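*Asks:* 3D model of this:
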Amino acid sequence: MNILKSLLKDLWGKKQTSAAEPHQLALTIDKVRQQEGGNILLFSGSSAGDALARLTYENFQPFTSLCNGIHIFDLNSADWWPRLRDLLDEPIWFAASFFGIGQDLITIDTPQGTASLWEAVGIPFLRIYGDIPAYFPDRHIGRFRNSINSYADRSHAEFYQRWFEDKAMSILLPAIPIEVRPLDEVDRQAKLKGPIIFIKNGNDPLALIDYWRNALPRVISQVLEDIGEDCITPEALEREPELDRRIVGYFSEKGLDITANRPLLCYMVAQLDDYIRRIKSTLIAESMLDLPVVIRGQNWGHIDFTGRQAKYDPDNDYARTQSLFDAALAIIDTSPNTLHAPHDRIFRAAGRGTAFLTNYQEYIHHITDNPAECCYRFNAESIANLVSRYLSSPEETIEMGLRQAAAFRAHYSVNHYIEAISRAVNIMALCLGGRPPNTQNYVDFPPTWYR
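*Replies:* Residues are numbered from 1 along each chain as shown. Model (predicted):
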């Protein structure tokens, strides 16, 4: 998610407004109507290799045959508003984006106060998240009553339920394979010659500790270091870190209740979550330095590749990764401190029929009866041994990848994914649409004072 985080900083540093004159917008709003099966509007921003737009679009490809059209708008492009304005005369089913990008790009005045365009005209807005809500927590709050939050992992959804009061409707989004191709089209010959690739932007964990020590009050940096040390033992790395519980408990032992200071809690959770991820990615890279693998991504300056077999490729252009997946013997994955749901690299591997190697997680049991065949433990020997095994047995690796993809596609049904999103969107549309015709006169819907 490093690409998303840097993009969000860029987008929210600018005021997002339309170029339309107020009276033009008012005339257009009168025509906007929500309708199941209408257009789906997606919003993104410019990113390296157009990664954000591609990821966003792939998430809604399953709806292609169920709607009038899927339209994506890059908010940094010059033509997004004219394109959007032309579509407002047609029925709209819902809008969506990562982190709610575009939800507040147009605000209008209503008798109840300022509202987003989509809220005012009753268009459900699905917000997609891939990280724990401690990152950018302001983007998770309800704020607009048309918001639907979608989380990929149960632990992220549970964190949201524990610590956020201004809640949006939320759903646990089922996994799906993305960039899907028929498995009989997998190029075995290309894969036989292909590398095993670790596609991951790195980051130096020691640099993060330096930041804590140099920029934060000693009492905070000490807490982060103490908890961080407990979270990175080999045993702890196998489990969910439960960072909020650890932080609250640490202070509670000293007679201090910080649960009312949720901004501080989110800040500290984000720091530690980032630190553990850096530890994991660095461990994986260092474990493979004497193996003929490719480590691809940015921010690997803390690893010395000089004289080692592992090849470093600093490119992180998303547009080129599909061809890399197609030609790779296998890809290496690590979860973002979660255990319940697969990461997006696994979605893509399942879509392209490419083998994956990852850490032990609960969902693996849906993919294979023998998790040990594709899972490593968080120690250098386990990682190196697993990668070495599949480097030396390329035919076996290819066959495992095809089995993984077939099992993933069978378990993570696209229909289940469509049903989950459609259910949430259509319920939200009812809530936004006012009193249904012929409702009993003794039923108050929606109540004017209660949400």
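*Asks:* residues touching the residue lying closest to residue 360 once chain neighbours are set aside, list them.
*Replies:* Counting by Cβ to Cβ, 6 or more residues apart in numbering, residue 360 lies nearest to residue 375, which is 4.5 Å off, once chain neighbours are set aside. C-beta here means a position set from N, CA and C on the backbone, and glycine is covered the same way. Going by Cβ atoms under 8 Å, 6 or more residues apart in numbering, residue 375 touches 357, 358, 359, 360, 361, 364, 386.
*Asks:* surely the fourth one touches residue 238?
*Replies:* Yes. Taking Cβ atoms under 8 Å as the definition, residue 360 is a contact partner of residue 238 at 6.6 Å.
*Asks:* so for those two, which sits in the more crowded spot?
*Replies:* Each of residue 360 and residue 238 has its neighbours counted (other Cβ atoms under 10 Å); residue 360 has more, 17 against 14.
*Asks:* the bottom helix or strand of the protein by mean pLDDT?
*Replies:* helix 2-12 (a mean of 47; mean pLDDT, DSSP states H and E).
*Asks:* show me the longest helix that occurs in this structure.
*Replies:* Secondary structure assigned by DSSP state H gives helix 262-287 as the longest helix of the chain.
*Asks:* I'd like to know which elements that helix is packed against.
*Replies:* Counting contacts by 3 or more Cβ pairs under 8 Å, 6 or more residues apart in numbering; DSSP states H and E, helix 262-287 packs against helix 154-163, helix 205-215, helix 218-231, helix 234-237, helix 243-252, helix 380-392.
*Asks:* now tell me what touches the last one from outside.
*Replies:* Counting by Cβ under 8 Å, 6+ apart, helix 380-392 makes contact with 196, 283-284, 286-288, 290-293, 329-330, 332, 355, 357, 374-377, 396-397, 400, all of which sit outside it.
*Asks:* can you turn the buried part of these into a ChimeraX selection?
*Replies:* Here is the ChimeraX selection string for the buried members of the contacts of helix 380-392, based on 16 or more other Cβ atoms under 10 Å:
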select :196,283,284,286,287,288,293,329,330,332,355,357,374,375,376,377,397,400
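*Asks:* quick one: which of the contacts of helix 380-392 sit in helices?
*Replies:* The helices in this structure, assigned by DSSP H, contain 283, 284, 286, 287, 396, 397, 400 from the contacts of helix 380-392.
*Asks:* which among these gets closest to residue 79?
*Replies:* Using Cβ to Cβ, residue 284 comes nearest to residue 79 of these, at 41.7 Å.
*Asks:* my guess is that closest one contacts residue 199. True?
*Replies:* No. In this structure residue 284 lies outside contact range of residue 199 using Cβ under 8 Å: 11.5 Å.
*Asks:* got the contact list for residue 276?
*Replies:* 228, 231, 232, 237, 241, 337.
*Asks:* how about residue 407, nearest residue that isn't a chain neighbour?
*Replies:* In this structure, residue 407 finds its nearest non-sequential neighbour in residue 367, 4.8 Å apart by Cβ to Cβ, 6+ apart.
*Asks:* tell me the gap between the longest strand seen in the chain and the middle of its chain.
*Replies:* Assignment by DSSP state E gives strand 34-44 as the longest strand of the chain. Here strand 34-44 is found 20 Å from its chain centre; the criterion is Cα atoms, centre = their mean, to the nearest Å.
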